[in-house]
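Undergrad: structure here, sequence nowhere to be found:
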């Protein structure tokens, strides 16, 4: 069995296996012309690199290389960080609702008054973060209260 790498165009590429696609030169071969032969070890290394976030691209000789993906544009970072922000807000909605329900019912609350105030400050920071000067820098995300873990979420 022989492994091959083939790039169709700027967005499509893949690995082909002669055991599946036929040996080059045989009438039943479906491996396209221009495919580059690689070792099984190279294939394993490339797949592992891709699993760790690398991109597989053809090198100058057409053989595959694993490279770091290009950085996200500012617009892409903003979309990603808004999605992160929304994902932080959503699970706290239920905590806020439960606290308000407990207060209305006059029963002991799960959160202390201090925890509830901290939670509301955190939620406000999350909502206002996209208007901040440091948005969308990951290092400047609002930090959740330390107690906001486990069963409360």
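TA: Received it, and whenever you're ready, just let me know what you need. Keep in mind that this is a model prediction, so the values were computed, not measured.
Undergrad: what comes into contact with the helix or strand containing residue 65?
TA: If you go by DSSP states H and E, residue 65 is part of strand 64-67. With C-beta atoms under 8 Å, 6 or more residues apart in numbering as the test, strand 64-67 has contacts from 5, 13, 36, 38, 42, 45-46, 49-50, 54-59. (Glycine included, C-beta is placed from N, CA and C.)
Undergrad: got the buried residues for that strand?
TA: 64, 66 (16 or more other C-beta atoms under 10 Å).
Undergrad: domain ranges for this protein, per the record?
TA: 3-67, 74-152 (automatic domain parsing).
Undergrad: let me have those in a markdown table, extended by mean pLDDT.
TA: Output for the domains of the chain, formatted as a markdown table (pLDDT from 0 to 100):
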| stretch | mean pLDDT |
| --- | --- |
| domain 3-67 | 87 |
| domain 74-152 | 94 |
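Undergrad: what's the single longest helix in this protein?
TA: helix 74-105 (DSSP state H).
Undergrad: point out the other helices and strands that the next helix-or-strand element following that helix packs with.
TA: As assigned by DSSP H and E, the chain's next helix or strand after helix 74-105 is helix 113-128. Helices and strands touching helix 113-128, by 3 or more C-beta pairs under 8 Å, 6 or more residues apart in numbering; DSSP states H and E, are helix 74-105.
Undergrad: quick one: the helix it packs on to chain centroid distance?
TA: Using C-alpha atoms, centre = their mean, to the nearest Å, the mean C-alpha position of helix 74-105 is found 19 Å from that of the whole chain.
Undergrad: do stretch 128-144 as well
TA: 18 Å.
Undergrad: show me the contacts for the residue sitting furthest away from the middle of the chain.
TA: Distance to the chain centre peaks in the chain at residue 106, reaching 43.0 Å (criterion: C-alpha atoms, centre = their mean). Shown in contact with residue 106 (C-beta under 8 Å, 6+ apart): no residues.
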